[in-house]
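K.L.:
Quick one, structure for this:
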Amino acid sequence: MTFFQSKLRQLTAATVGALAVMSATPALAGVIDFESVAPNIYGGTEVITQSGYNLTVIDTPAAGPGGTGFAGAIGDGSDPFLCTVAACPTGNASQFYLGVNDGSLKVTRTDNRLFQLTGLDYAFLAPVGNLGGYSYGQLTLVGELSNGTNVSYAYDFPVLNSLGYSPFQALSLTAFGGNYFSSVTIGSCLFDGNGGCTSPLAGAENQSQFAIDNLRVAPVPEPETYALMGLGLGLVGWMSRRRARAARTDHNNAVANTTAA
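P.N.:
Residues are numbered from 1 along each chain as shown. Take a look at the predicted model:
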């Protein structure tokens, strides 16, 4: 066996081993869509686990750590009886999460590593029907960075349609999604009429509500992943150069044999 054949065998074995390690690592879903969780109601402190992520239901702070018995729910948009009092959002016949009564939802990875939230679908869960066609508040996002500091963004809810329902809309989190977070807490607030948005709003407690679906998440690659990628790319480059040299040698030998003949 030549030196080059030995080197190729070593690199090939190393790359196969690296790929095996990568394939053995559980992949985190790119979208949290709530489809694998049975419809349910949550009072606060419950943890919903889906596709490598924990989603912790948080009740309004005024209710204390034990929860009041209704801070969130997972509902089926195709169920005509999903909302008997509130005005459910439109345009989503799948399952989605509803944050009710000033509640919020905290998203973390089950392995406590960093991740990005690059987009989601959202709507306002109107506390009553037949409201005017306005935007009544905002979806709030608070992401915690690895150093413990927070990054906060807020996005106006879609304008209610003529029947008083909020349409689901896709939201691209361009600036927010560029950060790497240890957790993201999703909540909502109501406009106070004075240029602010507050939750809970004085005189209107338990009305800051939202609906979300299709959270687009991305795990941050770990350093060993980059190392494995580098190994694979190095092998590809080495093999390409080796083949190019071999092709040139074969061409030169062919030319030399033709000249000699």
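K.L.:
Quick one: the strands in the stretch 1-150 of the chain, in order.
P.N.:
Along the stretch 1-150 of the chain, counting by DSSP state E, counting those that start in this stretch, strands occupy 31-32, 40-42, 47-50, 53-58, 72-76, 95-99, 104-109, 115-124, 137-145, 150-156.
K.L.:
can you check the stretch 151-261 of the chain too?
P.N.:
Assigned by DSSP E, counting those that start in this stretch, the stretch 151-261 of the chain shows strands spanning 169-172, 181-191, 197-198, 210-219.
K.L.:
Tell me the spacing between residue 134 and residue 193.
P.N.:
Relative to residue 193, residue 134 is positioned 11 Å away (C-beta to C-beta, to the nearest Å). (Glycine included, C-beta is placed from N, CA and C.)
K.L.:
can you check residue 160 too?
P.N.:
17 Å.
K.L.:
quick one, which of those two is more surrounded?
P.N.:
residue 160 (24 against 7; other C-beta atoms under 10 Å).
K.L.:
out of everything not next to it in sequence, what's closest to that one?
P.N.:
Leaving out its chain neighbours, the residue that sits closest to residue 160 by C-beta to C-beta, 6 or more residues apart in numbering is residue 133, at 5.1 Å.
K.L.:
ok now do the one you found, which residues does it touch?
P.N.:
Going by C-beta atoms under 8 Å, 6 or more residues apart in numbering, residue 133 touches 159-162, 164.
K.L.:
Export the residues you listed as JSON lines, with columns for distance to residue 54 and pLDDT.
P.N.:
Compiled in JSON lines, those are given as follows (distance: C-beta to C-beta, whole Å; pLDDT from 0 to 100):
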{"residue": "159", "distance to residue 54": "33", "pLDDT": "97"}
{"residue": "160", "distance to residue 54": "32", "pLDDT": "97"}
{"residue": "161", "distance to residue 54": "34", "pLDDT": "94"}
{"residue": "162", "distance to residue 54": "39", "pLDDT": "90"}
{"residue": "164", "distance to residue 54": "34", "pLDDT": "92"}
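K.L.:
out of the residues you listed, which are buried?
P.N.:
Using 16 or more other C-beta atoms under 10 Å as the burial test, those include residue 160 as buried.
K.L.:
pLDDT weak spots in this protein?
P.N.:
1-29, 61-69, 202-203, 222-244, 246-261 (pLDDT under 70).
K.L.:
Isn't residue 49 up against residue 56?
P.N.:
No - taking C-beta atoms under 8 Å as the definition, residue 49 is not a contact partner of residue 56, at 9.9 Å.
K.L.:
Wait, residue 185 touches residue 108, no?
P.N.:
No - with contacts defined as C-beta under 8 Å, residue 185 does not count as touching residue 108, sitting 9.7 Å away.
K.L.:
okay, and the common contacts of these two?
P.N.:
By C-beta under 8 Å, 6+ apart, no residue touches both residue 185 and residue 108.
K.L.:
Now do the same contact list for the nearest residue to residue 100 once chain neighbours are set aside.
P.N.:
Nearest non-adjacent residue to residue 100, counting by C-beta to C-beta, 6+ apart: residue 209, 5.0 Å away. Shown in contact with residue 209 (C-beta under 8 Å, 6+ apart): 86, 98-102, 124-127, 188.
K.L.:
now swap in residue 76 and tell me
P.N.:
Contacts here follow C-beta under 8 Å, 6+ apart; on that basis residue 76 touches 39, 82, 94-95.
K.L.:
Turn the residues you listed into CSV, columns for neighbour count and distance to residue 153.
P.N.:
Formatted as CSV, the contacts of residue 76 follow (neighbours: other C-beta atoms under 10 Å; distance: C-beta to C-beta, whole Å):
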residue, neighbour count, distance to residue 153
39, 12, 29
82, 16, 28
94, 14, 25
95, 19, 25
